[in-house]
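Enquirer: Generate a structure from the sequence data that follows.
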Amino acid sequence: MIWHFQSVLAREARKLKGKPYKLEAKLSDAPEIFSCSSLTRYLYRKVGVELPILSIHQALCGIELFRPWQFESGDLLFFKGVHPHRGDLLFPGREINIGHVAMNLGDGKIIEARFKKRRVAVVKLSPRRESEVLMARRILRLDKH
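Expert: Numbering: from 1, shown residues only. Here you go, the predicted model:
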């Protein structure tokens, strides 16, 4: 059930608000300290999905979304970030320099572990910030019945 999957992600994400940020924090540092990509890895692992370590590699997972109105709770949003990874070989013909990932919570909010904030924060996805999204991906989990 996709709705249950999304609600679990959002509920688990909100529990982490205020946790400290550390550049290149590892999954083993969780749930006490997070980088942007270890936050999304940790959250998705909670629902049985393994994501890669780096945000640029997480941008290869799931299906790409092309319009902000398509964004739903649980979708990953990718930004340039402080230390972007060049994606020329991963995304041929596209200039993609991803260095930050956040997770959409729905209702115009995202959760992220960001260098600028130094902590995990729930923030509004303002029109300016929305315009900075380089790519968005929906990570699907197929439940077995």
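Enquirer: wait, residue 36 sits on residue 53?
Expert: No. Here residue 36 lies out of contact with residue 53, judged by CB atoms under 8 Å, at a distance of 11.4 Å. Backbone N, C-alpha and C define where each C-beta goes, glycine included.
Enquirer: Of those two, which one has the most company?
Expert: Using other CB atoms under 10 Å, the more surrounded residue of residue 36 and residue 53 is residue 36, with 26 against 14.
Enquirer: List phi and psi for that one.
Expert: As for residue 36, its main-chain torsions (degrees, to the nearest 10) stand at phi -60, psi -50.
Enquirer: Kindly state the pLDDT recorded for it?
Expert: In the predicted model, residue 36 carries a pLDDT score of 95.
Enquirer: Run through the neighbouring helices and strands of the helix-or-strand element of the chain with minimal mean pLDDT.
Expert: Averaged element by element with mean pLDDT, DSSP states H and E, the chain has its least confident helix or strand at strand 85-86 (a mean of 73). Using 3 or more CB pairs under 8 Å, 6 or more residues apart in numbering; DSSP states H and E, the elements in contact with strand 85-86 are strand 97-98.
Enquirer: what's the strand it packs on packed up against?
Expert: Contacts of strand 97-98 with other secondary structure elements, assessed using 3+ CB pairs under 8 Å, 6+ apart, are made with strand 85-86.
Enquirer: Please list the outside residues in contact with the strand it packs on.
Expert: Identification of contacts with strand 85-86 by CB atoms under 8 Å, 6 or more residues apart in numbering yields 54, 55, 56, 96, 97, 98, 99.
Enquirer: Near the third one, how many residues? Count them for me, please.
Expert: Meaning residue 56. When neighbours are defined as other CB under 10 Å, residue 56 has 23 of them.
Enquirer: what's the answer for the fifth one, then?
Expert: The burial metric for residue 97, expressed as a neighbour count using other CB under 10 Å, is 17.
Enquirer: try the fourth one
Expert: Summarising burial for residue 96: neighbours were counted as other CB under 10 Å, giving 18.
Enquirer: Since that was my last question, I'll sign off now.
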